[in-house]
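> Sequence first, predicted model second:
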Amino acid sequence: MGMQSAGSSASRGLRLALGHNCLSSGCGASSCSLCEHNQSRRCRSHLKAKYVSRDFLRANCGAALAVGLVDESGQCCVQPLPGLVLQVCVLDAKRYKELNPSNAPLGFDALSPCILDKALLRWEGGAEVAMVSLPMEYNEASLSELQCFSISGEHQSGKASSYRLLLWLQDQPDIDPLVSEAFVVVTTRAKSAMKSAVPSVEEPVGRLEGIGEQAVATLKALGQQQEVASRLPRRLHCVEKVGQYCELLAAAKLDLQLERDLTTLFKKADWNKAAQHASTAVHPDFRPRVWWQ
Ligand SMILES: [Zn+2]
Ligand SMILES: [Zn+2]
């Protein structure tokens, strides 16, 4: 009894925190001249916005996610608390948003209706399970071997599933569970629809946001649109790379008629989204440099 109360007072004010040691060599500033040729930019969040089914749940830079126990000031809790077990499962992000639109901290019981009771996780290549249990070491656990699956087929066929991770400590009711940022897991069939965080001019144009399968086909066959083709140099009659798309945008900026003709071929909102994304495209160069942190 005495032990238990000591334990609960020790855990007061402690909470779980999710993080990663960013492996990106560039910084996050879009205007940084040192990083303009570098696709590797400091992550703005720990989880990626989108994964393909079976992906390891790592940060965009490839670093493993880590879960740690921190105190009120956000410092790692150094007090030894042996025997802590971290549990991880998957929440239905849509249901969670309905239940808790302000993303307020909730207890486990309040969150339980959002838990997806399906085998969507896998640890270290083992069996697919609904929940993974991991021992905490020095009040920390690495999620490096955690894979996540999409809910494929069934009633949700074709649609991407939106999840959040729910992480909590077994038998520690005083420490609130942690709900991660929302992320999407698409089926392996939808892999080609994945977009680049920072596109490179040498990537396929379909890696741009707003450019779907239909738009890829239209851009590839621009030469067949006589009005458009007559206003473009030959190398832009078949637009397949992000770099070519950037050239196309530049040409449309100087030629109002061309811009008008192009916008009839694509949805305006998608075209603007793609133009915005293309404006961040990186031109790789081969000058040697040294990165350090
Ligand atoms: Zn990172
Ligand atoms: Zn920079």
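Sure thing, it's come through. Ligands and ions are numbered 1, 2, ... in the order given.
> use CA for all of it now, contacts and neighbours both
Fine.
> How about residue 218, nearest residue that isn't a chain neighbour?
Closest residue in space to residue 218, ignoring its immediate chain neighbours: residue 265 at 7.7 Å, by C-alpha to C-alpha, 6 or more residues apart in numbering.
> same check, this time on residue 132
For residue 132, the spatially nearest residue (C-alpha to C-alpha, 6+ apart) is residue 88, at 5.1 Å.
> Next, work out how far apart that neighbour and residue 213 are.
Going from residue 88 to residue 213 by C-alpha to C-alpha, to the nearest Å gives 36 Å.
> Kindly report the domain assignment for the chain.
49-76+83-191, 196-278 (automatic domain parsing).
> wait, which of these is closest to residue 33?
Nearest to residue 33 among the domains of the chain is domain 196-278; the distance by C-alpha to C-alpha comes to 15.1 Å.
> how long is that closest one end to end?
With C-alpha to C-alpha, one end of domain 196-278 sits 10 Å from the other.
> secondary structure class for the spatially most central residue of the chain?
Centroid check for the chain by C-alpha atoms, centre = their mean gives residue 48 as the closest residue, at 1.6 Å. Secondary structure, DSSP: H, G, I helix; E, B strand; the rest coil: residue 48 is coil.
> how much space between it and residue 93?
Distance from residue 48 to residue 93, by C-alpha to C-alpha: 15 Å.
> Kindly report the same for residue 34.
Using C-alpha to C-alpha, residue 34 is found at 38 Å from residue 93.
> The two - which one has more neighbours?
residue 93 (23 against 11; other C-alpha atoms under 10 Å).
> what residues does stretch 93-103 touch?
The set of residues external to stretch 93-103 that reach it, using C-alpha atoms under 8 Å, 6 or more residues apart in numbering, is 111, 114, 162-164, 182.
> on that earlier part again, tell me how many other residues surround the residue nearest to residue 132.
22.
> same thing with residue 163?
By other C-alpha under 10 Å, the residues close to residue 163 number 26.
> What is the subsequent helix or strand relative to the helix or strand harbouring it?
Using DSSP states H and E, residue 163 sits in strand 161-169. Using DSSP H and E, the helix or strand that follows strand 161-169 in sequence is strand 178-179.
> what packs against the helix or strand harbouring the residue nearest to residue 132?
Using DSSP H and E, residue 88 sits within strand 85-92. Other helices and strands packing on strand 85-92, by 3 or more C-alpha pairs under 8 Å, 6 or more residues apart in numbering; DSSP states H and E, are strand 131-135, strand 161-169.
> Now the element after the shortest one, going C-ward?
Which is strand 131-135. Per DSSP H and E, the first helix or strand lying C-terminal to strand 131-135 is strand 140-142.
> which element follows that next one toward the C-terminus?
strand 146-148.
> what does that next one rub up against?
Residues from elsewhere that reach strand 146-148 (C-alpha under 8 Å, 6+ apart): 53-57, 120-124, 185.
> at 10 Å instead, please
With contacts defined as C-alpha atoms under 10 Å, 6 or more residues apart in numbering, strand 146-148 is touched by 51-58, 64-65, 88, 90, 119-126, 128-129, 132, 163, 185.
> before we move on, the earlier item: I'd like the helices and strands packed on strand 85-92 laid out as a markdown table, including distance to residue 22 and mean pLDDT.
Below are the helices and strands packed on strand 85-92 laid out as a markdown table (distance: least, C-alpha to C-alpha, whole Å; pLDDT from 0 to 100):
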| stretch | distance to residue 22 | mean pLDDT |
| --- | --- | --- |
| strand 131-135 | 23 | 96 |
| strand 161-169 | 20 | 94 |
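> closest to residue 209 out of these?
Closest to residue 209 of these is strand 161-169 (C-alpha to C-alpha; 18.2 Å).
> Residue 19: which of the helices and strands packed on strand 85-92 is closest?
Smallest distance to residue 19 across the helices and strands packed on strand 85-92 (C-alpha to C-alpha): 12.8 Å, for strand 161-169.
> Partner strands of the closest one and their direction?
strand 85-92 (antiparallel), strand 178-179 (antiparallel), strand 183-186 (antiparallel) (DSSP bridges).
> immediately after the first one, which helix or strand?
Sequence-wise, the next helix or strand beyond strand 85-92 is helix 93-99, with elements assigned using DSSP H and E.
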